[in-house]
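*Asks:* Take a look and give me a structure for this.
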Amino acid sequence: LDILDEKDLQRVMSQCATLLRSSGGLFAATSIFPGSPLMKLWESIWQTAPTVVGGCRPKDIRAKLESLGWQVIAAEVTDVLGYRSQV
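*Replies:* Modelled structure (predicted):
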């Protein structure tokens, strides 16, 4: 999800909500997470040369999902040597 721009993320999450609403299923997501010096460097690289970091940028996916009306049951941020991810 960290590779999608805001417009595409909203569209994808809307489609996921429609599919999951009918099945009663759950949605699991992972994203690189902002906050460490390494992730700040990563984001600055993304702003100037996004292909160097695979087009992915640090994003708080929990906050984004909640802003789109999703109920987040659980979330965890893991930091390994400054590389942060959120599940």
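*Asks:* secondary structure class for Gln15?
*Replies:* When classified by DSSP: H, G, I helix; E, B strand; the rest coil, Gln15 comes out as helix.
*Asks:* Name the helix or strand for the most far-flung residue of the chain relative to its centre, please.
*Replies:* Most distant from the centre of the chain: Ser22, at 23.8 Å, with distances by C-alpha atoms, centre = their mean. In this assignment (DSSP states H and E), Ser22 forms part of helix 6-23.
*Asks:* swap in Leu65?
*Replies:* Assigned by DSSP H and E, Leu65 falls in helix 61-67.
*Asks:* List the buried residues for that helix?
*Replies:* Buried residues in helix 61-67, defined by neighbour count with 16 or more other C-beta atoms under 10 Å: Ile61, Arg62, Lys64, Leu65. (Each C-beta comes from the backbone N, C-alpha and C, glycine too.)
*Asks:* now stretch 11-21
*Replies:* Quick answer for stretch 11-21 (16+ other C-beta under 10 Å): Met13, Cys16.
*Asks:* which outside residues touch that stretch?
*Replies:* With contacts defined as C-beta atoms under 8 Å, 6 or more residues apart in numbering, stretch 11-21 is touched by Leu1, Leu4, Gly25, Leu26, Phe27, Leu65, Leu68, Gly69, Trp70.
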